[in-house]
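Engineer: Sequence below, structure please.
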Amino acid sequence: MLAREGMMRHWGLKSWRRVALPLAVVSLVSAVGIGWANTHASGGTAGGESDPEVSTQGVTFVLAPTGDDNFQPGNACAATSLGQTRCTAAIFKVDKVPADVTYSSDACPAQTNDQLGLQGIALKEPTSLDACTAAALLPSAGGETAVKDFPGASCFPGPCLLFMVIHQHDGDFNAPGNCAAAFYLTGPCTVAIINTEGHGGGDTISFSDSKCPFLSASPLPPFGDITESCTNLPFKPADMVMHLPESATPEPAVNPVHSPEVTGQALTMVISPVGQWTFDPPNACSIVGLKPLNRCTAAILDVPEGGGSIDYSSTKCNLDLSGPQDACTAAPFTNSRGNTAVHDYPAGTLCLAPLPEQQPNMTEVGCRIYVMLTRVDGDLNPGGLCSSFTNISSPCALGVVDTSNRHEGDQVELSHDTCPALTGIDIEGDCTSPAYLPIPGISVTLPEDPTLGN
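Structural biologist: Numbers count the residues shown, from 1 in each chain. Got it, this is the predicted structure:
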């Protein structure tokens, strides 16, 4: 499950950028992009395979152009354990010439927020990140070699950043697509995964000579889940070695619990303050139907403080939903535009300025609901469950509606069953977060397209 927060977080046209293809292949991408767009903005194969998730405990290295917001790195590591859920240990600047990569002595700018629960620390302003090391790993790591003999890479536009992400076994980390080149990268891609089970601070681990898996003979998606160390072809033969920070500690006997994953075919709603960076919605849906190939965003809704009906927007969503977005409805669901999406929403929802604003604060901002669709094993991590609907300062899952036996345009009341909270149990059916469970009568109308919806 290596893949949740990053492995190609969302295949779609955005995912094509993440593949980081050589310039010679750009015309191919343009030619077939529409056909592949929902294959991966929703993401998997017709048989239900999703984009890779890294399921082994380890370290994943991701390359991305500076300022590219298609890959939002996990929060800065707040502890030294190698068994953390998923977090960013370090960010490096790399050049196109071979060189050793060293840990920066600068701490990653981060702010804490007790309301984030498991995500207790977050990188600040991810679109303008610089080389840094998680404060928990300093000062001992500063100036030490992180990767020896890195072959170099170049990105467009701007220089490359190399992200070092730590994740536990079954930590639900989605890495971006496999790097298909080392130069002229135009989007995020995964360099390698290194298993760290049984290792501790100061250990040196060689990059694997094994190739990261594909589910097809093509160097393009879809991929299978990653269960062991591997290195992508542009960086082979893998004669690089990784040096773990001196202060890193082995995984605990029992890993920390992470937020659940939605594993069934479903509609999931996440409510969030405007301006948040800790939840990255998948690309907008680009094919019809309630059963995407992986995961996609059907709509973004503005939440009125006075409650009542919340309508689907008449504005079409951009396919790439990275960064701030206004209310919109995905292109296929034209029948839903202007119609009610959520019925009998309670009054009194208040959203407060999220990170990177100083926490806590009482600065009021707007609230948005992301309406997302997944197929079975769609690799969607909605984050923590809502514990309050009145004061929301970070994204949280409102509820999940199983769509496997339902139809477009159906009005479905939210379930009276609570979603699993901080138990590591995946979500497979209808459920509602604890904050919204006591509120009767809330229902959602499933999005509807003119092709399958009539």
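
Engineer: Span of stretch 194-209 from start to end?
Structural biologist: 11 Å (C-alpha to C-alpha, to the nearest Å).

Engineer: for stretch 315-327, that is, sorry about that
Structural biologist: End-to-end span of stretch 315-327 (C-alpha to C-alpha): 7 Å.

Engineer: So for it, mean pLDDT?
Structural biologist: In this model, stretch 315-327 has a mean pLDDT of 79.

Engineer: can you offset everything so residue one is 2?
Structural biologist: All right, first residue 2 from here; so that's stretch 316-328.

Engineer: for this structure, which spans come out with low pLDDT?
Structural biologist: 2-53, 112-122, 215-225, 256-260, 322-325, 422-425, 453-455 (pLDDT under 70).

Engineer: what domains does the record give for it?
Structural biologist: Domains of the chain are assigned by automatic domain parsing as 14-244, 260-455.

Engineer: how far is the last one from where the chain is centred?
Structural biologist: For domain 260-455, the separation from the chain centroid amounts to 15 Å (computed by C-alpha atoms, centre = their mean, to the nearest Å).

Engineer: quick one: the helices in the chain?
Structural biologist: In the chain, the segments counted as helices under DSSP state H are 14-20, 27-42.

Engineer: export stretch 231-251 as PDB, just CAs?
Structural biologist: Extracted C-alpha coordinates of stretch 231-251, given in PDB (Å, rounded to 0.1, in the frame of the first residue of the first chain):
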ATOM      1  CA  CYS A 231      12.700  -1.700  -6.200                       C
ATOM      2  CA  THR A 232      14.300   0.900  -8.400                       C
ATOM      3  CA  ASN A 233      12.900   2.400 -11.600                       C
ATOM      4  CA  LEU A 234      14.700   1.800 -14.800                       C
ATOM      5  CA  PRO A 235      16.200   5.300 -15.400                       C
ATOM      6  CA  PHE A 236      18.100   4.900 -12.200                       C
ATOM      7  CA  LYS A 237      19.500   1.500 -12.800                       C
ATOM      8  CA  PRO A 238      21.900  -0.100 -12.500                       C
ATOM      9  CA  ALA A 239      21.100   0.800  -8.900                       C
ATOM     10  CA  ASP A 240      24.600   1.400  -7.400                       C
ATOM     11  CA  MET A 241      23.300   4.000  -5.000                       C
ATOM     12  CA  VAL A 242      23.100   3.600  -1.300                       C
ATOM     13  CA  MET A 243      20.900   5.300   1.300                       C
ATOM     14  CA  HIS A 244      22.200   6.300   4.700                       C
ATOM     15  CA  LEU A 245      19.500   6.500   7.400                       C
ATOM     16  CA  PRO A 246      19.600   9.500   9.700                       C
ATOM     17  CA  GLU A 247      21.600   8.700  12.900                       C
ATOM     18  CA  SER A 248      18.700   9.500  15.100                       C
ATOM     19  CA  ALA A 249      16.200   7.200  13.300                       C
ATOM     20  CA  THR A 250      14.800   4.400  15.400                       C
ATOM     21  CA  PRO A 251      13.500   1.000  14.400                       C
END
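
Engineer: List the buried residues for it?
Structural biologist: For stretch 231-251, burial by neighbour count (16 or more other C-beta atoms under 10 Å) applies to 231-233, 235-237, 239, 241-249, 251. Where you see a C-beta, it was placed from the backbone N, CA and C, and this is true even at glycine.

Engineer: same thing with stretch 131-139?
Structural biologist: Buried residues in stretch 131-139 (16+ other C-beta under 10 Å): 132-139.

Engineer: who's in contact with the closest residue to residue 345 other than its chain neighbours?
Structural biologist: Leaving aside its chain neighbours, residue 345 sits nearest to residue 442 (4.4 Å; criterion: C-beta to C-beta, 6 or more residues apart in numbering). Residue 442 makes contact with 344-345, 414, according to C-beta atoms under 8 Å, 6 or more residues apart in numbering.

Engineer: Now tabulate these in TSV and tack on distance to residue 84 and neighbour count.
Structural biologist: Output for those, formatted as TSV (distance: C-beta to C-beta, whole Å; neighbours: other C-beta atoms under 10 Å):
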residue	distance to residue 84	neighbour count
344	43	17
345	43	16
414	40	15
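
Engineer: from these, which is closest to residue 169?
Structural biologist: residue 414 (36.1 Å; C-beta to C-beta).
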